[in-house]
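**Student:** test case, fold it:
(2 chains)
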Amino acid sequence: MIRIHVSPEPIDIAAEMALAEAAAGAGAVATFTGLVRRDPDEAGAVGTLELEHYPGATEAALRRVAEEAIARWSLGGATIVHRVGPMAPGERIVFVAAASAHRAAALEACAYLIDRLKTDAPFWKRETRGDGEGQWVEARDTDAAAAARWEDR
Amino acid sequence: MAIDLLYFAWVRERMGRAQEVVDLPAEVTTVAALVDWLAARDAGSAAALEDRARLRAAVDQSFVGMDASIAGAREIALFPPVTGG
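**Tutor:** Residues are numbered from 1 along each chain as shown, chains lettered A, B, ... in the order given. Purely as a prediction, here's the structure:
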């Protein structure tokens, strides 16, 4: 089972977990949730985050990541839910889940899903500070390195 | 032939539009040549596309390198490195 969902709606963890747990042969579900950081900006004011995506291409890229994880770890299911649009500190940006017969595959596949989606799917983050100044977030080399570590294993 | 161009994030902001349709001359056969052609078109595009090292592209919704062919492409997107998750 593959579940890909990109939407401006808040992410409902309970509903997503229920879907993930219903995957065929699931004896283990590993999940990762990414949140908008609460760290105050330099001015001490909390800003907001806005996520832009490439409709159609984003969903297709996420599906490829999920398909690769399912093939590599023989998963029963893979879930990638990503929020887009404006969101506030503390809100969920992304939720991924890997359902497998046993925990080792579920845990590894979960890490793979989040590492790959960070470099393979077209999303762009824009931070707006308390004073209204917006800035596009720069891509990080550490994300590329995290994704690359799956290539030689 | 007419091709749809899409721009995202700061490329969209700097280009001043999210999309446009262009008629490319026959000699524009790669993504890099397309970027050069756009930059030569007007000063606004030249400024928007100035930082080539931070430009990424997709041809018909697949990520490609700047030397990729655009032969037969219907949709080409230009954008910064991705920052999801």
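
**Student:** which residues does residue 67 contact?
**Tutor:** I went with chain A, as the question did not name one. If a contact means C-beta atoms under 8 Å, 6 or more residues apart in numbering or on different chains, then residue A:67 has A:2, A:78 as its contacts. Every C-beta, even on glycine, is put in place using the N, C-alpha and C of the backbone.

**Student:** ah, no, chain B please
**Tutor:** Residues near residue B:67 by C-beta under 8 Å, 6+ apart: B:30-32.

**Student:** need those in JSON lines (columns: neighbour count, pLDDT and distance to residue A:94).
**Tutor:** Listed next are those as JSON lines, based on neighbours: other C-beta atoms under 10 Å in any protein chain shown; pLDDT from 0 to 100; distance: C-beta to C-beta, whole Å:
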{"residue": "B:30", "neighbour count": "18", "pLDDT": "97", "distance to residue A:94": "33"}
{"residue": "B:31", "neighbour count": "23", "pLDDT": "98", "distance to residue A:94": "29"}
{"residue": "B:32", "neighbour count": "17", "pLDDT": "97", "distance to residue A:94": "32"}
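
**Student:** what helices and strands are in contact with the helix or strand that contains residue B:34?
**Tutor:** Assigned by DSSP states H and E, residue B:34 falls within helix B:31-41. Applying 3 or more C-beta pairs under 8 Å, 6 or more residues apart in numbering or on different chains; DSSP states H and E, one finds that helix B:31-41 contacts helix B:43-48, strand B:75-79.

**Student:** give me the phi and psi angles of the closest residue to residue A:47 other than its chain neighbours.
**Tutor:** If the residues on either side of it in the chain are set aside, residue A:47 comes closest to residue A:129, at 4.3 Å by C-beta to C-beta, 6 or more residues apart in numbering or on different chains. When quoted as degrees, to the nearest 10, the phi and psi of residue A:129 stand at phi -80, psi 170.

**Student:** got it, and residue A:96?
**Tutor:** As for residue A:96, its main-chain torsions (degrees, to the nearest 10) stand at phi -130, psi 150.

**Student:** contact residues of chain A facing chain B?
**Tutor:** Taking C-beta under 8 Å from any C-beta of the partner chain as the measure of proximity, chain A contacts chain B at A:34, A:51-54, A:56-57, A:60-61, A:82, A:93-94, A:114, A:117-126, A:136-140, A:143.

**Student:** report how many residues lie close to residue 28.
**Tutor:** Using chain A. Around residue A:28 there are 17 other residues, counting by other C-beta atoms under 10 Å in any protein chain shown.

**Student:** looking at chain B here, not the other one
**Tutor:** Residue B:28 is flanked by 17 other residues according to other C-beta under 10 Å.

**Student:** who touches stretch B:37-55?
**Tutor:** By C-beta under 8 Å, 6+ apart, stretch B:37-55 touches B:5, B:11, B:14-16, B:22, B:24-25, B:28, B:35, B:66, B:78-81.

**Student:** mind doing that once more with 7 Å?
**Tutor:** Applying C-beta atoms under 7 Å, 6 or more residues apart in numbering or on different chains, the contact partners of stretch B:37-55 are B:11, B:14-16, B:24, B:28, B:35, B:78, B:80-81.

**Student:** so the residue of chain A found nearest chain B bridges to which residues?
**Tutor:** Chain A approaches chain B most closely through residue A:123 (2.8 Å), counting by C-beta to the nearest C-beta. Counting by DSSP bridges, residue A:123 forms beta bridges with residue A:53.

**Student:** I figured it was touching residue B:80, is that so?
**Tutor:** No - applying C-beta atoms under 7 Å as the test, residue A:123 and residue B:80 come out as separate, 11.0 Å apart.

**Student:** what number of residues lie near the residue of chain A closest to chain B?
**Tutor:** 25.

**Student:** contacts only, for it.
**Tutor:** Per C-beta under 7 Å, 6+ apart, neighbours of residue A:123: A:51, A:53, A:58, A:82, B:82-84.
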